[in-house]
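Student: need a structure here:
(one chain, ligands or ions: 1)
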Amino acid sequence: MAQKIYDLVIVGGGASGIMAAVVASRKGASIAIIEKNNRLGEKLRISGGGRCNITNAEFDLRALLKNYGKAEQFLYSAFTEFGVRDTIDFFEEIGLPIKIEARKRAFPVSDSASDVVHALTHELHKYNVDIITNTRVTKINHSKSTIFSITCGNRTIKGRNYVLATGGTSRPETGSTGDGFNWLEQLGHSVKSPTPSITPLKTSESWVKKVSGTSVKGARITFYCDGIKAFRLDGDILFTHFGISGPIILSNAYHVAELLEQGIVTAKIDCLPALDPKELDTRIVELLHQNGVKQVKNLLRLIAPEGLAPMVAELTANKINLDTKAGELGKNDRKTLLDSIKELPLTIEALMGVEKAVVADGGVSLKEIDTRTFKSNIIDNLYVTGDLLDITRPSGGYSLQLCWTSGYIAGNGYTINNERDKA
Ligand SMILES: Cc1cc2nc3c(=O)[nH]c(=O)nc-3n(C[C@H](O)[C@H](O)[C@H](O)COP(=O)(O)OP(=O)(O)OC[C@H]3O[C@@H](n4cnc5c(N)ncnc54)[C@H](O)[C@@H]3O)c2cc1C
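Tutor: Residues are numbered from 1 along each chain as shown. Just a heads-up that it's a prediction; the model follows:
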């Protein structure tokens, strides 16, 4: 029997690959989606802490695209065709109601990332897509300008067109191990090496371990490079085993990466930015006065923001005798206490590696991708989607939106090109 030749072979069953498959299959194309894991969407299932921040409900296109940095112009036409509103409508139409939370982050009402995968997989079954799991693509067989087939161990799969949707290098245990980057280079594309992009920061201070899991609500962090103020962020900061995390840290890690290239990076956290130092001092004076006979160490829980007393104790222990009675604490000691809350010093060693990153940046140069179809300008039957594209973006739903849009455009672009070829 002659071997089946699919209209479209999609390598990688993550967000963008599945979207491309749904769109193209709805247009009647014969599709195979090849996934090395035993099921689709492993990374999607852990996205948004298992809740899946599906998009960012910024409906002003220009404002939305500002979040994609240098790719703003490149993405304009694609997002005009399939943007945030289309994404929300798409998911609601396939039975997944969407809600919008703080910072315009959109989630499934069910708060379940697995529901997103189920809804999408249901569509794939509905349109008879061949879902080939447990199958690792090991080779792309090609000439200078065309892909002929792909090899999966001792099996060959053939298509007229191909989508590469194998993701980047973040969280490799989900399957994204950077295979796509290697193939793209072999195919003649330029690929910028990925570095972790949305990722926590590693600090030199080991005391962070003691407060690991504590979140400082509404904090302010100022970053310095070689002692010179670089930038400031306001928001919640989470202490981790290795350093600091939280939405503002993750979203701005790439700025910190730039600073790390230039010099020594330090930071100061103001855990109570709403109070100026004078007001906080007055509050501490009152507390010490009301509890004059108690030892200072027993008052730290009242002085420090919630959960941070162990940190204040650790930072001040070699400067203040914490056994001192509150009523006997001098002005300089009070200042030490205050500084540990208002000017908490940290030294940033590095960004955490890809194993902790949400996305890694880098990827195929946008100059080599057609902006209207996401087709390769080098290989005439190849489309590239999702994390494989060199597009930096913050956390907050922007990564998945990029996957939905690029997947949609590739799936749709394939059919447009195909129809053009037939005409
Ligand atoms: C912990 C975490 C949380 C996140 N949360 C959010 C969020 O809430 N909102 C948001 O917008 N973004 C989030 N992101 C980012 C978002 O999940 C990714 O941008 C998105 O999933 C990338 O989709 P993709 O289609 O490019 O590739 P992936 O989802 O990485 O899928 C690629 C697939 O290709 C398969 N594959 C790879 N190589 C081969 C091969 N050789 N053969 C066969 N198959 C192969 C892999 O197994 C994988 O299933 C999060 C990321 C992480 C790690």
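Student: can you tell me the distance between the two ends of stretch 291-310?
Tutor: End-to-end distance of stretch 291-310 (Cα to Cα, to the nearest Å): 19 Å.
Student: What average pLDDT does that stretch get?
Tutor: Average pLDDT, stretch 291-310: 90.
Student: what does stretch 405-422 give?
Tutor: Per-residue pLDDT values over stretch 405-422 give a mean of 77.
Student: before we move on, what about stretch 81-92?
Tutor: In this model, stretch 81-92 has an average pLDDT of 98.
Student: can you list the residues that contact that stretch?
Tutor: When contacts are defined by Cβ atoms under 8 Å, 6 or more residues apart in numbering, stretch 81-92 is touched by residues 54-59, 61, 64, 98, 106, 108, 116, 119, 401, 404-405, 408-409, 412. Every residue, glycine included, has its C-beta placed from N, CA and C.
Student: Can you tell me how far the closest residue to residue 233 other than its chain neighbours is from residue 60?
Tutor: Leaving aside its chain neighbours, residue 233 sits nearest to residue 248 (4.6 Å; criterion: Cβ to Cβ, 6 or more residues apart in numbering). Applying Cβ to Cβ, to the nearest Å, the value for residue 248 to residue 60 is 22 Å.
Student: before we move on, back to that, run a quick neighbour tally on the residue nearest to residue 233.
Tutor: Residues lying near residue 248 (other Cβ atoms under 10 Å) number 20.
Student: and what of residue 3?
Tutor: Applying other Cβ under 10 Å, I find that residue 3 has 8 neighbouring residues.
Student: Tell me how far residue 163 lies from residue 412.
Tutor: Distance, residue 163 to residue 412, by Cβ to Cβ: 11 Å.
Student: Tell me which entries of the contacts of stretch 81-92 lie within strands.
Tutor: 55, 56, 98, 106, 108 (DSSP state E).
Student: The spatially most central residue of the chain in helix, strand or coil?
Tutor: Per Cα atoms, centre = their mean, the C-alpha nearest to the average position across the chain is that of residue 358, at 3.5 Å. Secondary structure, DSSP: H, G, I helix; E, B strand; the rest coil: residue 358 is coil.
Student: Need phi/psi at whichever residue of the stretch 251-400 of the chain sits closest to the ligand.
Tutor: Using Cβ to the nearest ligand atom, the closest approach of the stretch 251-400 of the chain to the ligand is made by residue 386 at 2.2 Å. Main-chain torsions, residue 386, degrees, to the nearest 10: phi 60, psi -140.
Student: Give the burial count for it, as a bare number.
Tutor: Counted with other Cβ under 10 Å, residue 386 comes out at 34.
Student: Return the distance of the nearest residue to it once chain neighbours are set aside relative to the ligand.
Tutor: With sequence-adjacent residues excluded and distances taken as Cβ to Cβ, 6+ apart, residue 386 is closest to residue 16, at 3.2 Å. Residue 16 sits 3 Å away from the ligand, going by Cβ to the nearest ligand atom, to the nearest Å.
Student: And for residue 175?
Tutor: Residue 175 is 2 Å from the ligand, where distance means Cβ to the nearest ligand atom.
Student: looking at the chain, which residue lies furthest from center?
Tutor: The C-alpha centroid of the chain is most remote from residue 293, which lies 50.0 Å away (Cα atoms, centre = their mean).
Student: which residue packs closest to that residue, ignoring adjacent ones?
Tutor: Residue 293 sits nearest to residue 325 (Cβ to Cβ, 6+ apart), 5.8 Å away.
Student: And the contacts of stretch 133-147?
Tutor: For stretch 133-147, contacts defined as Cβ under 8 Å, 6+ apart pick out 11, 13, 34-40, 148-153, 155-156, 159, 162, 166, 179, 183, 186-188, 378-382.
Student: Residue 353 against residue 196, yeah?
Tutor: Yes: with contact defined as Cβ atoms under 8 Å, residue 353 and residue 196 form a contacting pair (6.0 Å).
Student: Have a look at these two and say which one is more surrounded.
Tutor: Higher neighbour count among residue 353 and residue 196: residue 196, with 25 against 14, using other Cβ under 10 Å.
Student: Let me see the ranges of the helices in the stretch 151-300 of the chain.
Tutor: Along the stretch 151-300 of the chain, counting by DSSP state H, counting those that start in this stretch, helices occupy 179-186, 247-262, 277-290, 300-303.
Student: Tabulate the ones you listed (TSV), appending distance to the ligand.
Tutor: Output for those, formatted as TSV (distance: least, Cβ to the nearest ligand atom, whole Å):
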stretch	distance to the ligand
helix 179-186	4
helix 247-262	9
helix 277-290	36
helix 300-303	33
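Student: For the residue nearest to the centre of the chain, which non-adjacent residue is spatially closest?
Tutor: Nearest to residue 358 is residue 198, by Cβ to Cβ, 6+ apart, at 3.8 Å.
Student: per-residue confidence for that neighbour?
Tutor: The score at residue 198 is 86. That number is its pLDDT.
Student: next one: phi and psi at it?
Tutor: Dihedral angles (degrees, to the nearest 10) for residue 198: phi -100, psi 100.
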